[in-house]
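A.B. asks: Just the structure for this:
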Amino acid sequence: MSRGVCIVDDDASVRKSLANLLRSAGFETLTFAAGEAFLASPLAGEAGCVLLDLKMPGMSGLEVQRELAQRSWRLPVICMSAHWDDGSVQAAMGQGALACLGKPFSEEVLLKAVEEALAGSR
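C.D. replies: Numbering: from 1, shown residues only. Down below sits the predicted model:
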């Protein structure tokens with residue numbers, strides 16, 4: 001799943017729209033409604049990159065990032081949130097996020113971020 005993108009977001013409509021957009025651009029996608037489900041998936045560690053919502057019930061996106069680091073999974077992470085503040089951006093970037101996208105974002109911004117993440121993961 002080297003061109004695969006895992007989408008982790010608690011909002012079903014966001015997961016569906018992002019998956020449809022990415023598939024139409026030629027990417028494989030896997031969607032997860034929670035960070036816990038993503039981390040439990042045997043396919044998650046094989047993804048090319050992860051689109052990760054920061055504000056979710058259960059594990060937050062930042063907690064998922066910390067768990068990825070603890071497991072030594074070197075997955076490129078693109079964080080998404082409708083509620084950015086300076087502290088959240090700094091925390092996400094400090095934990096290795098390649099980009100922090102504010103919802104709503106354009107298709108072009110998302111596709112560019114995914115292409116850059118996948119190019120860097122090869």
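A.B. asks: what bridges to Ser7?
C.D. replies: Residue 7: Ile, not Ser. When bridges are taken as DSSP bridges, the partners of Ile7 come out as Thr31, Leu51.
A.B. asks: who's in contact with it?
C.D. replies: With contact set as CB atoms under 8 Å, 6 or more residues apart in numbering, Ile7 has these partners: 14-15, 18-19, 22, 29-32, 50-51. Yep, even glycine has a C-beta here, placed from its N, CA and C like the rest.
A.B. asks: Residue ranges in the protein under the pLDDT threshold?
C.D. replies: 1-2, 121-122 (pLDDT under 70).
A.B. asks: Report the central residue of it.
C.D. replies: Centroid-nearest residue in the chain, with CA atoms, centre = their mean: Leu51, separated by 1.5 Å.
A.B. asks: ok, that residue touching Cys6?
C.D. replies: Yes. Using CB atoms under 8 Å, Leu51 is in contact with Cys6, at 7.0 Å.
A.B. asks: Sheet partners, orientation included, of the helix or strand where Cys100 lies?
C.D. replies: Using DSSP states H and E, Cys100 sits in strand 99-102. Sheet pairing of strand 99-102 (DSSP bridges) gives strand 77-81 (parallel).
A.B. asks: Identify the residues contacting the biggest helix by length in the chain?
C.D. replies: Longest helix of the chain, by residue count under DSSP state H: helix 107-121. Helix 107-121 has contacts (CB under 8 Å, 6+ apart) with 2-3, 5, 18, 21-22, 25, 27, 48-49, 51, 74-78, 98-99, 101.
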